[in-house]
Every structure is written in structure tokens, then in C-alpha cells.
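> Below are the sequence and a predicted model for it; my questions follow.
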Amino acid sequence: MPTFTKQTVAVAAQALRRHVDNALMARAHAELKREAVDKIERQILSERPYMADQSLTKGPPERITDPKLGYLICEPDWTDYHAKVKAIHLANGYTPAAEGKCPALVAENLQRQAEDVLIEAAEEFFPEITKDKLLCMPNSLEQLQKYIDLLVGLVVNAPGYVKRSPQEWLAMCKTYEEDNPETCPDCNAPTNGVVPPYCPKHDGEYSSWLARNNID
């Protein structure tokens with residue numbers, strides 16, 4: 001991990017503020033979507049037995065009740081389970097579900113992209129740390145998360161930064177989602193709840209979209 005001098009911290013905290021805000025918003029949005037999706041999947045799993053594929057678990061017959069273990073569901077249970085989840089997403093207005101997309105996974109992917117942008121922006125101040133180098137370290141994912149948390153802490157603990165609680169971030173996400181459609185009005189591409197609405201057809205890569213729109 002880099003050594004933070006007082007001068008570097010002050011300059012970096014100011015320069016990285018918008019990237020940290022974007023990462024925190026994306027994190028809150030992902031948590032909101034994951035909570036909603038897990039609730040739906042947990043309800044479906046409680047309605048009837050969905051059994052694990054014994055070729056994967058290598059154990060006795062086992063009922064799946066945890067959404068995190070949904071990938072272990074055997075056929076034809078998986079087809080039934082997936083169809084019910086998809087139907088609920090579509091009924092809730094999430095049209096990308098027709099293409100097999102999950103609201104939580106899409107939001108979590110956007111969170112990773114926002115965090116990648118933050119790490120890349122931080123290279124200006126800490127060039128010895130890159131995502132590739134972090135992923136080559138032992139316990140790479142843990143080290144990656146530690147560095148993201150370090151950058152976030154650098155900004156949110158700087159003088160003058162207005163901190164928001166997780167609940168405030170979530171409230172902002174809900175407000176933004178109410179104010180913005182799930183799809184782009186021009187091409188019907190999913191906006192994924194990002195605010196301002198992000199259209200991959202019009203805006204290209206997420207990092208380029210952030211730069212072009214100078215999001216604060």
C-alpha cells in the first residue's frame with residue numbers, strides 16, 4: 001500500500017472526491033438492488049422445495065433456501081426457479097430481465113466499474129498501485145477491497161467533506177430511481193438506475209461517460 005504524505009493526501013482527497021462519491025453511490029445502489037432481489041428469490045425458494053444438484057454438492061439430497069446458493073439448483077428445478085424470478089422482475093418493470101439480466105448483478109457490475117475508475121484516477125497520486133498489481137497479490141480480492149476502502153477513507157475523512165450515512169445514500173438512490181426511467185427514452189436501452197441515466201449505446205464505456213459528463 002502507498003505511503004500517504006500530508007500534502008499528497010490533501011491534493012488527492014480533493015481530486016478524487018467525485019470518484020469516491022460515484023463509488024459510494026454505486027455501492028449503495030448495488031446494496032439496494034441486492035436486498036430487493038434476495039427478498040424475491042428467498043420468497044420463491046420458500047414456496048416449494050428446490051433441490052441441489054448432487055453432482056455439484058457431492059452430498060445427500062439438499063433443499064436450497066439461500067439465494068446465494070441458487071446456482072446449485074438442479075434441473076428441472078432451476079428452469080422453474082429462473083422463470084419465476086424473471087417473471088417477477090418483468091412484472092416490476094425491469095425489462096432487461098427478458099434478456100436474462102438480473103438487477104442486482106447489473107448494479108454490482110456498475111459498482112465494480114465505478115471502483116475501477118476510482119483506482120485508475122488515484123494512479124495520478126499513487127502510480128505504484130494499479131488494479132492489475134493488486135490482483136497479482138496474495139488474497140488479491142481482499143487487498144483490492146482494502147485499497148478501495150483506503151481511498152474512500154482518504155476522501156471522506158478530509159476537512160470539509162460532507163459525510164452521508166448508508167441510509168442517506170440509499171435514500172438518494174431511491175429518489176433518483178423514481179425520477180429516472182429504467183430505460184433510455186431514445187433507444188430503450190436499460191439505464192440500470194444510474195443517475196444521470198446511463199445509456200451504453202449513447203454513452204459507451206462507464207469510465208468515459210463519467211469523464212465526459214464531469215459528474216460531481
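On my side now, so go ahead.
> Which per-residue confidence value corresponds to A98?
Per-residue pLDDT puts A98 at 90.
> So for it, what's the nearest residue that isn't a sequence neighbour?
Excluding its sequence neighbours, the residue lying closest to A98 (CB to CB, 6 or more residues apart in numbering) is L90, at 6.4 Å. The C-beta positions use only the backbone N, C-alpha and C, and glycine is treated the same way.
> Quick check: phi and psi on that neighbour?
For L90, the backbone dihedrals are phi -60, psi -40 (criterion: degrees, to the nearest 10).
> Could you report the separation of it from K39?
Plainly put, L90 is 17 Å away from K39 if you go by CB to CB, to the nearest Å.
> Was I right to think V11 contacts F125?
Yes - look at V11 against F125 with CB atoms under 8 Å: they come within range, at 6.9 Å.
> Please identify which of those two sits among more neighbours.
Set V11 next to F125 and count neighbours by other CB atoms under 10 Å: F125 wins out with 19 against 13.
> Double-check that the more buried one belongs to a helix.
No - counting by DSSP: H, G, I helix; E, B strand; the rest coil, F125 falls outside a helix, being coil.
> Quick check, it in contact with A10.
No - counting by CB under 8 Å, F125 does not reach A10; the two are 10.6 Å apart.
> which residue ends up closest to the midpoint of the chain in space?
Residue closest to the average C-alpha location in the chain (CA atoms, centre = their mean): E108, at 2.2 Å.
> Which residues are in contact with that one?
Going by CB atoms under 8 Å, 6 or more residues apart in numbering, E108 touches 30, 33-34.
> List just the nearest of those residues to E168.
Nearest to E168 among the contacts of E108 is A30, at 16.0 Å by CB to CB.
> List the buried residues of the longest helix seen in the chain.
In the chain, assigned by DSSP state H, the helix with the most residues is helix 17-47. Using 16 or more other CB atoms under 10 Å as the test for burial, helix 17-47 gives 17-34, 36-37, 40-41, 44-45.
> gap between P61 and L72?
P61 sits 12 Å away from L72, going by CB to CB.
> Which residues are in contact with each of the two?
Residues touching both P61 and L72 (CB under 8 Å, 6+ apart): A52.
> which one of those two has more residues nearby?
L72 (17 against 10).
> now the more buried one, nearest residue through space, not along the chain?
Spatial nearest neighbour of L72, excluding adjacent residues (CB to CB, 6+ apart): A52 at 4.5 Å.
> OK, contacts around the one you found?
The contact partners of A52, by CB under 8 Å, 6+ apart, come to 59, 61-64, 69, 72-74.
> Now the phi/psi pair for the nearest residue to Q143 once chain neighbours are set aside, please.
Of all residues not flanking Q143 in the chain, M137 sits nearest, at 4.8 Å (CB to CB, 6+ apart). Dihedral angles of M137 (phi, psi; degrees, to the nearest 10) stand at phi -80, psi 160.
> Thanks a lot, see you next time.
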